[in-house]
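J.: Prediction below, plus the sequence it came from.
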Amino acid sequence: MSLPMTNHTLEKLEQLFAASGYKIRYEKGNFKSGSCVLEHSKVVVINRFSNLEGKIQAMVNLLRRGETDLSVLDEKQKQFYLSLTQSELF
């Protein structure tokens with residue numbers, strides 16, 4: 001499956017992170033996107049100046065590296081997550 005680089009895909013990724021308890025922040029600065037835990041809060045920081053493709057790639061890479069609790073996801077989100085972890089971006 002090839003992942004479309006669209007705003008809809010970005011929204012689906014944001015919803016997946018939100019369901020997993022992460023807060024997404026788009027911040028400006030000279031940094032690469034990543035995730036961190038601040039005072040027991042799950043936060044993903046995305047460079048607001050990255051293009052759409054860069055934002056999507058950063059989120060997918062974070063999902064692939066982390067451990068996602070599938071029990072908190074609805075059926076569509078589970079399917080989307082599994083398709084992300086089993087496919088390439090392009």
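T.: Yep, it's here.
J.: And the next helix or strand past the helix or strand bottoming out on mean pLDDT in the chain?
T.: Least confident element among the helices and strands of the chain, by mean pLDDT, DSSP states H and E: strand 34-38 (a mean of 62). Going down the chain from strand 34-38, the next helix or strand is strand 41-47, by DSSP states H and E.
J.: Buried ones in that next one, by neighbour count?
T.: By neighbour count on 16 or more other CB atoms under 10 Å, the buried set for strand 41-47 is 44-47. Yep, even glycine has a C-beta here, placed from its N, CA and C like the rest.
J.: Stretch 67-79 too?
T.: 68, 73, 77-78.
J.: Tell me the one of these nearest residue 3?
T.: residue 77 (15.0 Å; CB to CB).
J.: Excluding chain neighbours, what is closest to the most centrally placed residue in the chain?
T.: Closest to where the C-alpha atoms of the chain average out (CA atoms, centre = their mean) is residue 59, at 3.1 Å. Nearest in space to residue 59, with sequence neighbours left out and distances taken as CB to CB, 6 or more residues apart in numbering, is residue 13 at 4.4 Å.
J.: residues touching that neighbour, list them.
T.: 56, 59-60, 63 (CB atoms under 8 Å, 6 or more residues apart in numbering).
J.: Check it and give its pLDDT.
T.: Listed pLDDT for residue 13 reads 95.
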